[in-house]
Each structure stands twice: as C-alpha cells, then as structure tokens.
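**Q** Curious how this folds, go ahead:
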Amino acid sequence: MSFTVHIEKAKSDPDIYLFHNLLSAEEGIHLSEVAEPYLNRSATFSGTDDYRRTSHSAFSTHFYEDPVLQRVIQRCSALSGLPESH
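**A** Model (predicted):
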C-alpha cells in the first residue's frame, strides 16, 4: 500500500500538527471493526461519567498483535518521532 501522508502544522506554542491521509480507507474500516467490541465511554479526570463528555476509547493488548494495526502504529511512530509504545 502506498500513499502520501501530508503533515500540516496547525498551531504553534504548543506545536500541533495534522496528519492528512494517515490511514487508508481500508485501514480506517479495519480499525473501527477491531476496536468496536472494546469501546468504552471515556471518563472524566475524576473517573466518573459525565453526560457532556461523549468520546469513547478502546484499549486491548490484542491490538498489538493485529498486522494492520501494527503497520499503522509503526507509521505513526515514524512520522511523530515517538516510540511505538506511546
């Protein structure tokens, strides 16, 4: 799979970057399908649910075993300069 990721600096101080075309359409669909069973409503800093907070997050060590997600993790690490563990 070959495509070009476009990096846009959206803001300075702190530096904020947007990564356009980071995922292919197929990778995005795969990520959604793999994460869906693990999605939980995000809690507030205090650890409680808040009706105003509508995001969801997912975590599973299974993600690191998936070859598609591993490729995405490697790409994110290479582009951001952060270790894959982040």
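**Q** C-terminal to the helix-or-strand element of the chain with minimal mean pLDDT, what's the next element?
**A** Lowest by mean pLDDT, DSSP states H and E among the helices and strands of the chain is strand 56-57, with a mean of 64. For strand 56-57, the following helix or strand on the C-terminal side (DSSP states H and E) is helix 67-80.
**Q** What residues sit buried inside that following helix?
**A** Across helix 67-80, burial judged by 16 or more other C-beta atoms under 10 Å covers 68-69, 72-73, 76. To be clear about C-beta, it is placed using only N, CA and C from the backbone, and glycine gets the same treatment.
**Q** what's the closest of the residues you listed to F19?
**A** Among those, C76 lies closest to F19 (C-beta to C-beta), at 8.1 Å.
**Q** What residues does that closest one make contact with?
**A** 22, 82, 84 (C-beta atoms under 8 Å, 6 or more residues apart in numbering).
**Q** Buried subset of those residues, written for ChimeraX?
**A** Only the buried entries of those go into this ChimeraX selection, using 16+ other C-beta under 10 Å:
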select :22
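**Q** Now render the contacts of C76 as TSV, adding secondary structure, pLDDT and distance to A35.
**A** Formatted as TSV, the contacts of C76 follow (DSSP: H, G, I helix; E, B strand; the rest coil; pLDDT from 0 to 100; distance: C-beta to C-beta, whole Å):
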residue	secondary structure	pLDDT	distance to A35
L22	coil	93	16
L82	coil	91	20
E84	coil	88	18
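**Q** Check the contacts of C76 against D13 and report the nearest one.
**A** Looking across these and measuring by C-beta to C-beta, the closest to D13 is L82, at 19.5 Å.
**Q** Contact partners for the closest one?
**A** The contact partners of L82, by C-beta under 8 Å, 6+ apart, come to C76.
**Q** do A10 as well
**A** 16-18.
**Q** List just the nearest of the residues you listed to H6.
**A** L18 (8.4 Å).
**Q** State the three-state secondary structure for that closest one.
**A** Here L18 is recorded as strand under DSSP: H, G, I helix; E, B strand; the rest coil.
**Q** Surely it and L79 touch.
**A** No - using C-beta atoms under 8 Å, L18 is not in contact with L79, being 11.5 Å away.
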